[in-house]
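Undergrad: dropping the sequence and predicted coords here.
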Amino acid sequence: MAVIICFHCLKVKGRFDVCPYCGNTESIQVERPYQLPYGETLHDRYIMGPGIGSGGFGITYKAFDTALRTVVAVKEFYPAGLVNRGEGERKVGIFSGEKEREYKRRMGRFLEEARNLAMFSDEKSIVNVFDYFEENATAYIIMEYVDAPLLKDYLKEKGTLSIDEAVGYMLAILEALSIVHSHDIIHKDISPDNIFVTGPDTIKLFDFGAAKLSGGDFENPDHQNIDPVNLKNGRLDDIIVKAGYTPLEQYSSQNEQGPFMDIYAAGAVFYQMITGEKPLDAPARMEQDNIKRFCTFGIKGNKRLERVIFRALDMDPGMRYQTAEEFRDAVAGRKIAAVPQRGVFRPAAPKPRFIWAGAAVLAGVVLLCHVVLPHKPGTGMDLENMESCSLEVWLEADQDTGTELIQIMQERIEEECPQLTVMVKVFEADEYAGQLEQAAASGSLPEVFCTDWLSAEDYCEELSGLTRTIDPSLYLYFDDIMDGEIYEIPTSVQIGVAYVNENKTSGLPESIALEDLVKQEGVLDYADEPEVYSRFQEANEPVAWIAGDLSALDQVEEVTVEAVPPTDFAVLPVLKDKKLIGSLRSHYGINKQAADSQKAAGRYLLTLLLDHKMQTAAYMGSRDGIPLNKAAVDSYVETKMTTYLSALKEYKLEEAVIYEGGSMCRIIREESRDENDKMHGLYGADAGS
């Protein structure tokens, strides 16, 4: 007589010999002789189907729950080397002596996993446990059956994930870990093997076989040390070790245990999703930490995310994110990753002390530089006779650039003006305005700061005295801007360009005149709106042109050359009177409320911001602007104006039409319409003729 359940697909097939769902007959053989036979019933309820996985703990089967009439997963405790079972048998045979004692201990851990998982029965991001019991001289866990690929298989198929997709899955993983940790449980086996990909930005975490209560007794009761050199992928007792995912402290029972172990493993998964490779295993990194940077894989424009991942993967547990929530906020961009303190510049005695520390201020990055230096003869602005004082400087830069700027500034102060004590804070551009606004409102502005978001005349000292210390011929555009009263000095220039999607446009020109941009109406948008980049890439969206400046190149590359499939684009110089157009930016001024000695020191620091080394460090590694120091400009043109920016080499930067400041998007939007209106006599002198 035919059975009701098809053992192939575990659907109710009725009395048919051939399953109407999968087309198979009831004849089926188990994959391994020690597996439970097909059709066996556990707990008078669960009809066993095929094996779908196995590991050190035992075997996972697909089964049919006759009470709920649904498919479930059954996890059977069957530790290799401690038990055996003949073909067709149900009950396991347990070896005697020490192996029997070990078997009972491990079965207790297996049932503890069931209790751990049972806490999360209502959580969507964690595989649910419905039941657990002992039977056949062993134990079983009845779990939700997840019909979805493992992240391991998903990555094997795709190779790498886009940044957006990887971030989506990582946020879901960290949300699950946050729930796990809130119950004082450490998972200790986060890897692509134990994560189901259930849909866009959704996952299910499972396999809590290695989990432990935070602060509880470690699973290795004899406190045996594990030799990380000899132990590769595998386990000693209940210590899970997976090369690439397991942090170094997890290799030994004597190390402190905590959620930071899961943070490391999650960081390794994140790294693999983006790069296609898992990190080196922790013992190898301890010998020589050669973890590859994103640029090695051709991944560009994601320095913030790289810093986030590298902090999670720090070998020192104390330097990692300490909670899943903190890691999640950093991934989502709500917090900026602070630079780890390991490996930073620390001069040996008797050299000056140079200390900096990373800290989150709101969502900004702060690097603290405290310079206390011995007196040496100074040069330049009568530095030798400059009064001793302390002052605070706020710089606008990304974190890596900020670290380099601080070191260069320290070296110059040590050499030229050692009587100064300087504290430097570095904020990324998207956080600087908010920090500055708060400081201005509370009357706590630093002595030197970037004025791009404030009225310099209202808050800054007049700088005419600075002109005698600066040779304007050494800098672009300074011959004009150093005349008259000045309250701020620029440190870079942004050049106006148009980005063109070549898949949507044919017959591209080599450049475009400012007044001609308005003729692209309908396919033209501006780089000051974040959603324009996705519209630029989508084939069914009309936007084929984006007007902006060089800083938009990172976002354009993300949705074109870094997308799958990639899209070609061109960068066209925007011209006025056949010259480049640009806007001066990153202006710095001196707080008018500062003491006289601080104002004198501030003028000196402004000259440092224009130094060749400082300008090179600030702008050679980013697209935040083009330096104004002519020596640095030469290097910029030679090394940065390549590939997409090579068209800019045809024009002389020193002859560019420079606007007073502000967003290039706003300037281009307003000027292109004004120029077009002038050409057609719509206003001004032409309008009356």
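TA: Great, that's in hand. Being a predicted model, the structure only gives us computed values, none of them experimental. Numbering: from 1, shown residues only.
Undergrad: hmm, residue 668 is touching residue 528, no?
TA: No: assessed by CB atoms under 8 Å, residue 668 is found out of contact with residue 528, at 10.1 Å. Where you see a C-beta, it was placed from the backbone N, CA and C, and this is true even at glycine.
Undergrad: which residues are in contact with each of these two?
TA: Counting by CB atoms under 8 Å, 6 or more residues apart in numbering, the residues touching both residue 668 and residue 528 are residue 548.
Undergrad: the more surrounded of the two?
TA: Higher neighbour count among residue 668 and residue 528: residue 668, with 26 against 15, using other CB atoms under 10 Å.
Undergrad: ok, residue 492 touching residue 623?
TA: No: using CB under 8 Å, residue 492 is not in contact with residue 623, being 10.6 Å away.
Undergrad: more crowded one of those two?
TA: The neighbour comparison of residue 492 against residue 623 (other CB under 10 Å) goes to residue 492, with 23 against 18.
Undergrad: and the more buried one, bridged to which residues?
TA: For residue 492, the beta-bridge partners under DSSP bridges are residue 585, residue 627.
Undergrad: pLDDT value on it, please?
TA: Listed pLDDT for residue 492 reads 95.
Undergrad: how about the contacts made by the residue lying closest to residue 552 once chain neighbours are set aside?
TA: What sits nearest to residue 552 in space, not counting adjacent residues and going by CB to CB, 6 or more residues apart in numbering, is residue 527, at 3.9 Å. When contacts are counted by CB under 8 Å, 6+ apart, residue 527 touches 499, 546, 547, 548, 549, 551, 552, 555, 665.
Undergrad: of all those, which comes closest to residue 9?
TA: Residue 9 has its nearest neighbour among the contacts of residue 527 in residue 555, at 47.0 Å by CB to CB.
Undergrad: surely residue 482 is in contact with residue 470?
TA: Yes: with contact defined as CB under 8 Å, residue 482 counts as touching residue 470 (7.0 Å).
Undergrad: ok, the residue positioned nearest the centre of the chain to residue 102 distance?
TA: In the chain, the residue lying closest to the centroid (CA atoms, centre = their mean) is residue 305, at 1.7 Å. Separation of residue 305 from residue 102 (CB to CB, to the nearest Å) stands at 44 Å.
Undergrad: where along the stretch 551-689 of the chain do the strands fall?
TA: For the stretch 551-689 of the chain, the strands defined by DSSP state E, counting those that start in this stretch cover 569-576, 579-585, 588-590, 626-627, 657-659.
Undergrad: let me fix that: the stretch 401-550 of the chain
TA: Here the stretch 401-550 of the chain has its strands, by DSSP E, counting those that start in this stretch, at 420-427, 448-450, 492-501, 512-513, 524-526, 545-549.
Undergrad: how about those, which one is nearest residue 33?
TA: Among these, the nearest to residue 33 by CB to CB is strand 492-501 (60.3 Å).
Undergrad: and the closest one, how far out from the chain middle?
TA: From the chain centre to the centre of strand 492-501 is a distance of 26 Å (CA atoms, centre = their mean, to the nearest Å).
Undergrad: for that strand, packing partners?
TA: Packed against strand 492-501, as judged by 3 or more CB pairs under 8 Å, 6 or more residues apart in numbering; DSSP states H and E, are the following elements: helix 532-537, strand 545-549, strand 569-576, strand 579-585, helix 612-619, strand 626-627, helix 664-679.
Undergrad: relative to strand 579-585, how tilted is that strand?
TA: 130 degrees (axes from the mean of the first three to the mean of the last three CA atoms, to 10 degrees).
Undergrad: would you mind getting the angle between strand 492-501 and strand 569-576?
TA: Interaxial angle, strand 492-501 versus strand 569-576 (the same axes, to 10 degrees): 130 degrees.
Undergrad: start at 55, not 1
TA: Got it, first residue is 55 now, which makes that one strand 546-555.
Undergrad: rewinding a little: dump the helices and strands packed on strand 546-555 to CSV, plus distance to residue 131.
TA: Converted to CSV, the helices and strands packed on strand 546-555 look like this (distance: least, CB to CB, whole Å):
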stretch, distance to residue 131
helix 586-591, 49
strand 599-603, 59
strand 623-630, 57
strand 633-639, 65
helix 666-673, 59
strand 680-681, 66
helix 718-733, 63
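Undergrad: and these, which one's lowest on average pLDDT?
TA: Among the helices and strands packed on strand 546-555, helix 718-733 carries the lowest mean pLDDT, a mean of 80.
Undergrad: could I get the pLDDT score of the residue lying closest to residue 66 once chain neighbours are set aside?
TA: Spatial nearest neighbour of residue 66, chain neighbours left out: residue 58 (5.8 Å); criterion: CB to CB, 6+ apart. Turning to residue 58, the model gives it a pLDDT of 73.
Undergrad: pull up the gap between residue 58 and residue 95, please.
TA: Counting by CB to CB, the gap from residue 58 to residue 95 is 13 Å.
Undergrad: same check on residue 498?
TA: Distance, residue 498 to residue 95, using CB to CB: 74 Å.
Undergrad: equivalent analysis for residue 176, please.
TA: 28 Å.
Undergrad: the two: which has the busier surroundings?
TA: residue 95 (14 against 7).
Undergrad: buried stuff in stretch 520-528?
TA: Residues of stretch 520-528 classed as buried: 520, 524 (neighbour count, 16 or more other CB atoms under 10 Å).
Undergrad: and for it, what's in contact with it?
TA: Under CB under 8 Å, 6+ apart, the answer for stretch 520-528 is 434-435, 532-533, 536, 540, 543, 657, 660-661, 664, 683-685.
Undergrad: hmm, residue 214 is touching residue 330, no?
TA: Yes: assessed by CB under 8 Å, residue 214 is found in contact with residue 330 at 4.2 Å.
Undergrad: more neighbours, the two?
TA: Higher neighbour count among residue 214 and residue 330: residue 214, with 17 against 13, using other CB under 10 Å.
Undergrad: pretty sure that one is in a helix, no?
TA: No: Residue 214: not assigned to a helix; according to DSSP: H, G, I helix; E, B strand; the rest coil it is coil.
Undergrad: who's in contact with it?
TA: Going by CB under 8 Å, 6+ apart, residue 214 touches 327, 328, 329, 330, 351.
Undergrad: pLDDT score for the third one?
TA: Looking at residue 329, its pLDDT stands at 95.
Undergrad: contact partners for it?
TA: Residue 329 makes contacts with 214, 346, 348, 351, 353, as judged by CB under 8 Å, 6+ apart.
Undergrad: the third one - how many residues pack around it?
TA: By the other CB under 10 Å criterion, the neighbourhood of residue 348 contains 19 residues.
Undergrad: give me the nearest residue to it, chain neighbours excluded.
TA: residue 360 (4.8 Å).
Undergrad: check the fourth one too.
TA: Taking CB to CB, 6+ apart as the measure, residue 351 lies nearest to residue 329, with 4.8 Å between them; neighbours along the chain are not counted.
Undergrad: from residue 474, how far out is the one you found?
TA: 43 Å.
Undergrad: so residue 189 bridges to which residues?
TA: Counting by DSSP bridges, residue 189 forms beta bridges with residue 192.
Undergrad: I'd guessed it sits against residue 98; true?
TA: No: Residue 189 is not in contact with residue 98 according to CB under 8 Å; the separation is 10.0 Å.
Undergrad: which one of these two is surrounded by more residues?
TA: Remark: of residue 189 and residue 98, residue 189 carries more neighbours, 12 against 7, as counted by other CB under 10 Å.
Undergrad: what residues are up against the nearest residue to residue 558 once chain neighbours are set aside?
TA: Nearest residue to residue 558, sequence neighbours excluded (CB to CB, 6+ apart): residue 598, at 3.7 Å. Listed by CB under 8 Å, 6+ apart, the contact partners of residue 598 are 554, 555, 558, 559, 574, 577, 578, 590.
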